[in-house]
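Colleague: Dropping the sequence and predicted coords here.
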Amino acid sequence: MIIPRQTYHFLSTTPKWRAQPRQRTGPQPRASIKTLRRNYMIHELPLLQEPNPWDGSDQFYPVQEAGCSYDLIVPFSDSWEAPLHSLERLADIMFSPEHMLSILNNPRYLARFREFLLEERPRSLELLTYYLNTRKALKAIEYANALVRCAVDLPPPTIAVTEQVGESFNPALQRRVHEALQALTDEELPAFITSRCIGITSRVVEERVRGTLPRKFQGTSDALAEVFCLTDPSRRDNPIIFASEEFHRTTQYGMDYVLGRNCRFLQGPKTNPNSVRRIREAIEAGRHHSELFLNYRRDGSPFMNLLQCAPLCDSQGTVRYFIGAQIDVSGLAMEGAQMDSLCALLDRQRNMEAGANVEEDAAIKEEVHSDELCELSELFSPRELNVVHEVGGNLFKPIPAVFDRNWKGHSRTWSTADTVEMEAIRERDIKTALFRGSLTGVYENYLLVRPYPSLRILFTSPALQIPGILQSSFLSRVGGSASTREELLDAFMAGRSVTARIKWVTRFNPQGRDRWVHCTPLLASNGEVGVWMVVVVDDN
């Protein structure tokens, strides 16, 4: 089954005489899994790319002549800032300390963030714990200050007071809290958001390859699984040597400008320097990396780029090239990336800008604290809560507290929480970075194939690395009908993108497994195909 590029049709298979079904009096049949999945895609999958127009700025509107004035536009004011694109403003908020605080101050958001760190970045749990402990120490000082204000500095008449105790301040501790928050914002927040976008985008790309995307995606999905470039790290500055046609269309840079240059020409005034640093370090270390950050087209318009760069290794494990795959997810970003924490923050900022009274909804009421003691108590660990439960208030009881054995046993389970966490970290350290969940990128299964007539598999993703696959013929892995193989071969000969449903044959499964392949040519400076990027997607 072959699906040429940009020729998706969504045809109804319902006969005309069934167009108006009769009303049945009996129980309605349950929806099939296929129907439920279709409804999910229509209503739940977000558009990744949407028009993101320039908002403009009245700073540069012409003014009508006023007497003998020489002003053509409104005179400059120090209070004005350079006008930003709406996507640039959103990126500032998305990767800001305020967004990080929105996550850390909400138990539900914090639980998701901590779960992500435990699964994907276990070494970063130490940083999160450090931040919570420093913040707890700061809250303890604030609680002590509250006691001083409300009780200590208001002694009874029998106590002669010569001076006030006063509040305590610890600037060094405040700096530690700020530094820990900034470290979480710079490194862990981008990874968390990137992971979220990868999970959503992966589903959209898979449905695009299968040809099952709903109608709302038509016109915005053509570039999915099409924007690729190949770089050579052995050459100075790791230049692009091959790129797909869609790469040139998306970035608006022609082949004569792109090839032979490093990808940094896509950077702009609001590109996050930490993102650039992480990508550079990953390439220098020869490891896989995914990053969500702002890039710019040739006309200066920004787009949110979900980048996946992966090393291509030969049979000896030597890194020969890097494949870069980018997806424009500006539409997803403008909708808040389906993150409740970001949407709540954006709503609050919009209300503040409108001058309205910000009323806390049910999702953020948990952030409201009645006093300093509540703020401090929320930061207690399970072990500290256990101690409070066992001995808290003993001085105010007429007899010592008595605890039964059942509670003692329960307390021991709480006290081992840190040990369980450390064991989980050690287990995850055994895994290689390439196999750590969603941060492997949107494309999990892919091949790099030589152009016709060779069509040999040169490189594969880690998930497809099986013995004997390198330097084998790609067509030897394609089972199924002869017509499918012939149409694939015709596309390879003509150098055009093609999507096909095939039987994927291996040494261990000669009958073949139903899979989809999406083949995109990457072109050289002379216009010829340099290599094929083949994305492989399971049929289900």
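Modeller: Happy to help now that I have it.

Colleague: So residue 111 lies in a helix, does it not?
Modeller: Yes: assessed by DSSP: H, G, I helix; E, B strand; the rest coil, residue 111 belongs to a helix.

Colleague: and it, what pLDDT?
Modeller: What the model reports for residue 111 is a pLDDT of 91.

Colleague: ok, how many other residues are close to it?
Modeller: Other residues near residue 111 number 11, with proximity taken as other CB atoms under 10 Å. Glycine gets a C-beta too; all of them are placed from N, C-alpha and C.

Colleague: How about residue 154?
Modeller: Going by other CB under 10 Å, the residues that sit close to residue 154 add up to 10.

Colleague: And for residue 282?
Modeller: 19.

Colleague: Quick one: residues contacting it.
Modeller: 288-289, 309 (CB atoms under 8 Å, 6 or more residues apart in numbering).

Colleague: Give me the nearest residue to residue 343, chain neighbours excluded.
Modeller: residue 336 (4.1 Å; CB to CB, 6 or more residues apart in numbering).

Colleague: who are the neighbours in contact with that neighbour?
Modeller: Applying CB under 8 Å, 6+ apart, the residues near residue 336 are 342-343, 346.

Colleague: List of residues touching stretch 92-100?
Modeller: 84, 181-182, 184-185, 189-190, 193, 270, 272, 333, 337, 341-342, 345-346, 349.

Colleague: which helices and strands sit right next to the host helix or strand of residue 230?
Modeller: Following DSSP states H and E, one finds residue 230 within strand 228-231. Counting contacts by 3 or more CB pairs under 8 Å, 6 or more residues apart in numbering; DSSP states H and E, strand 228-231 packs against strand 240-243, helix 245-251, strand 319-328, strand 509-523, strand 529-538.

Colleague: so how far is that strand from its chain's centroid?
Modeller: 21 Å (CA atoms, centre = their mean, to the nearest Å).

Colleague: any idea how far the closest residue to residue 104 other than its chain neighbours lies from residue 93?
Modeller: Distance criterion CB to CB, 6+ apart; nearest residue to residue 104, sequence neighbours excluded, is residue 110 at 5.7 Å. According to CB to CB, to the nearest Å, residue 110 and residue 93 sit 19 Å apart.

Colleague: any idea how far residue 195 is from residue 343?
Modeller: 17 Å.

Colleague: ditto for residue 509
Modeller: 32 Å.

Colleague: Between the two, point out the one with more neighbours.
Modeller: Each of residue 509 and residue 195 has its neighbours counted (other CB under 10 Å); residue 195 has more, 18 against 11.

Colleague: surely the more buried one meets residue 119?
Modeller: No: judged on CB atoms under 8 Å, residue 195 makes no contact with residue 119 at a distance of 9.1 Å.

Colleague: Now the residue nearest to residue 343. Its backbone dihedrals?
Modeller: phi 90, psi 10 (degrees, to the nearest 10).

Colleague: That one and residue 490: what is the separation?
Modeller: Using CB to CB, one obtains 44 Å as the distance from residue 336 to residue 490.

Colleague: How about residue 149?
Modeller: From residue 149 to residue 490 the distance is 82 Å (CB to CB).

Colleague: what's the answer for residue 125, then?
Modeller: Taken as CB to CB, the span from residue 125 to residue 490 is 53 Å.

Colleague: Neighbour count for these two, which is higher?
Modeller: For residue 125 versus residue 490, the count of surrounding residues by other CB under 10 Å is larger for residue 125: 17 against 13.

Colleague: Could you pick out which of the contacts of residue 282 are located in strands?
Modeller: Cross-referencing the contacts of residue 282 against strands under DSSP state E gives 289, 309.

Colleague: From the contacts of residue 282, list just the buried residues.
Modeller: 288-289, 309 (16 or more other CB atoms under 10 Å).

Colleague: which residue packs closest to the residue most central in space within the chain, ignoring adjacent ones?
Modeller: Centroid-nearest residue in the chain, with CA atoms, centre = their mean: residue 194, separated by 1.7 Å. Excluding the flanking residues, the one nearest residue 194 by CB to CB, 6+ apart is residue 292, at 4.3 Å.

Colleague: Next one: the one you found from residue 201, what distance?
Modeller: To residue 201, residue 292 is 10 Å away according to CB to CB.

Colleague: of these two, who's got more company?
Modeller: Taking other CB under 10 Å, residue 292 and residue 201 do not tie; residue 292 has more neighbours (27 against 23).

Colleague: Bridged to that one, which residues?
Modeller: residue 306 (DSSP bridges).

Colleague: I figured it was touching residue 308, is that so?
Modeller: No: with contacts counted by CB under 8 Å, residue 292 stays clear of residue 308, the gap being 10.3 Å.

Colleague: related to what we said a few turns ago, columns pLDDT on top of the buried ones among the contacts of residue 282, output as CSV?
Modeller: Shown next, in CSV, are these (pLDDT from 0 to 100):
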residue, pLDDT
288, 95
289, 96
309, 95
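
Colleague: circling back: drop anything exposed from the contacts of stretch 92-100.
Modeller: 84, 181, 184-185, 189-190, 193, 270, 272, 333, 337, 341-342, 345-346.

Colleague: Looking at those residues, which is nearest residue 233?
Modeller: The closest of those to residue 233 turns out to be residue 272 (CB to CB; 22.4 Å).

Colleague: one step back: contacts only, for the residue nearest to residue 194.
Modeller: Here residue 292 is in contact with 190, 193-194, 197, 275, 304-307, 329, 333 (CB under 8 Å, 6+ apart).

Colleague: One more pass at 6 Å, please.
Modeller: Counting by CB atoms under 6 Å, 6 or more residues apart in numbering, residue 292 makes contact with 193-194, 197, 306.

Colleague: Check pLDDT for the residues you listed and point me to the minimum.
Modeller: Scanning those for pLDDT, the low point is residue 197. It has 93.

Colleague: so which strand or helix has that residue?
Modeller: Residue 197 belongs to helix 189-210 when assigned by DSSP H and E.

Colleague: That helix versus strand 529-538: what angle between them?
Modeller: Per axes from the mean of the first three to the mean of the last three CA atoms, to 10 degrees, the angle that helix 189-210 makes with strand 529-538 is 90 degrees.

Colleague: Against which helices or strands is helix 189-210 packed?
Modeller: Contacts defined by 3 or more CB pairs under 6 Å, 6 or more residues apart in numbering; DSSP states H and E place helix 189-210 against strand 289-296, strand 509-523.
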